[in-house]
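>>> Fold the following and give me the result.
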Amino acid sequence: MLKFQERVVDEEYDLETRVPNLYLSIRNLLLEEVYSDVNECSPLVMELSKKMRKSLDIYEMQKREPYTRVSGADAGSQILPLAFRKYAVISALVYSLPTGSRYFLKPEAFSFPHKVAGHRIQSIVNVRREAKLYETACRFIEKNVEVELILVDGPLAFSNWWSTAGKEEDKQRLVYAVNRLLNLCMERGTSVAGIVKRPSARYLLYEMGLQGETDLSDSFLMLHTLRSGERTGVFSPRSAIRKAQRSAPFMDAIDSPVYSFYCRFSKEWSIPPLRIDLPAFVLGEVEEIADFCYGSSYRKGIPMPIIRADEEVRISKRFISEVYHDILGKVIKSRWAITNLAPMWGEGAWMGA
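Numbers count the residues shown, from 1 in each chain. This is a model prediction of the structure:
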């Protein structure tokens, strides 16, 4: 009978300095690495934030709600990783205030063979999810002529990354959906804005010619530049991208010029500023839209219509695991082998397999 004896093998440490606990080693490593990075970059961050605050037009916002009938649109997605194929599902929903009504189109599901790389699958899902979001918002606007403002949990200003993401037909679908929404809102007199909760873009740095001084994002620097209740003036992301990268193919495909501004709604140090994207035809309402978003950002520094839409449309792993168990039950009752539903290695825990 073979015997197995566990032992710690560590040739890097001698007996006096050895750290036998892996988690303690990781803790110590992160403490050292993160503190070192913060110590190194903090002077530059403070210098850049002072420079940006001095150069930017910064406006104070008021907590008011100049709109009565406002809707928030959000989309969700999740992937079910089985051993023979990956199944993705996407959905989108519009939540309306003050009625609390919900509107959604039929969700979509599609599958991928494992030969498609994981990052490729995710990019396809991302593009299709965004397209579904704008398509749902369009259908909602067509059926609800009284809505004054619709806030979309997603960008109206797209970086050049979107030109390479997904399949060509998916990108065309997204461009068509965004253009249709903007044209429809302009025709109906409905105000529209894109709310970007986790902006990673560097549009403002491009616009100010500061991209060579740091690899940080606009949002992180705005966290140090803006105080709660302040916003920047508007700027053109397309113009900024062209300055830095010479061309902006995805933005060139959007019919209406799009402008953006950053705004900080929360005093919490851990909540970064948002970016709000606006089509040119609502530039006259920048102050009203900013004030409404600030006035309704009761939770997590995010406008309430977006919070409510996000809560309603979120597709969690827990929900997918429950669906997976329903599928298991159906297959067990059929003549097919249950092994056809084996999860990918490492995914079975959250799926409950």
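
>>> Point out where the stretch 151-300 of the chain drops to low pLDDT.
By pLDDT under 70, the stretch 151-300 of the chain contains no weakly predicted segment.

>>> which stretches of it form helices?
In the stretch 151-300 of the chain, the helices defined using DSSP state H, counting those that start in this stretch lie at 168-188, 203-208, 218-225, 237-245, 249-252, 286-295.

>>> Kindly reformat those as JSON lines containing distance to residue 43.
(C-beta placed from N, C-alpha, C; glycine too.) Formatted as JSON lines, the helices of the stretch 151-300 of the chain follow (distance: least, CB to CB, whole Å):
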{"stretch": "helix 168-188", "distance to residue 43": "40"}
{"stretch": "helix 203-208", "distance to residue 43": "18"}
{"stretch": "helix 218-225", "distance to residue 43": "12"}
{"stretch": "helix 237-245", "distance to residue 43": "24"}
{"stretch": "helix 249-252", "distance to residue 43": "34"}
{"stretch": "helix 286-295", "distance to residue 43": "31"}
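
>>> Nearest to residue 270 among those would be which one?
helix 218-225 (9.3 Å; CB to CB).

>>> Check which helices and strands the closest one sits against.
Applying 3 or more CB pairs under 8 Å, 6 or more residues apart in numbering; DSSP states H and E, we find helix 218-225 packed against helix 22-55, helix 203-208, strand 258-264.

>>> which one of these lies closest to residue 95?
Ranking these by proximity to residue 95 (CB to CB) places strand 258-264 first, at 21.2 Å.

>>> Any buried residues in stretch 189-204, and which?
Using 16 or more other CB atoms under 10 Å as the test for burial, stretch 189-204 gives 190-197, 199, 201-204.

>>> ugh, wrong one, I meant stretch 108-122
By neighbour count on 16+ other CB under 10 Å, the buried set for stretch 108-122 is 112, 121.

>>> And the contacts of it?
Contact with stretch 108-122 is made by 79, 84, 85, 86, 87, 88, 89, 90, 91, 124, 128, 132, as judged by CB atoms under 8 Å, 6 or more residues apart in numbering.

>>> so of the residues you listed, which ones are in strands?
Using DSSP state E, 79, 86, 87, 88, 89, 90, 91 are the members of the contacts of stretch 108-122 that sit in strands.

>>> count of neighbours near the fifth one?
Neighbours of residue 89 under the rule other CB atoms under 10 Å: 19.

>>> That one bridge partners, please.
Going by DSSP bridges, residue 89 is paired in beta bridges with residue 78, residue 109.

>>> Now do the contacts for it.
Contact analysis of residue 89 by CB under 8 Å, 6+ apart lists 77, 78, 80, 107, 108, 109, 315, 320.

>>> May I see the residues you listed organised as CSV, with distance to residue 186 and pLDDT added?
As requested, these are exported to CSV (distance: CB to CB, whole Å; pLDDT from 0 to 100):
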residue, distance to residue 186, pLDDT
77, 29, 96
78, 34, 94
80, 39, 93
107, 29, 96
108, 27, 95
109, 33, 94
315, 32, 93
320, 38, 93
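
>>> Could you identify the most distant pair in those residues?
Using CB to CB, these span at most 14.8 Å, a distance reached by 108 and 320.

>>> so residue 307 makes contact with residue 293?
No - the criterion here is CB atoms under 8 Å, and residue 307 misses it with residue 293 at 11.3 Å.

>>> who's more crowded, these two?
Of the pair residue 307 and residue 293, residue 293 is the one with more neighbours under other CB under 10 Å, namely 27 against 21.

>>> before we move on, the earlier item: quick one: the contacts of stretch 108-122 as TSV, columns for pLDDT and distance to residue 34 too.
Listed next are these as TSV, based on pLDDT from 0 to 100; distance: CB to CB, whole Å:
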residue	pLDDT	distance to residue 34
79	93	30
84	87	41
85	91	39
86	92	34
87	94	37
88	95	34
89	96	36
90	97	35
91	97	37
124	93	34
128	96	36
132	97	38
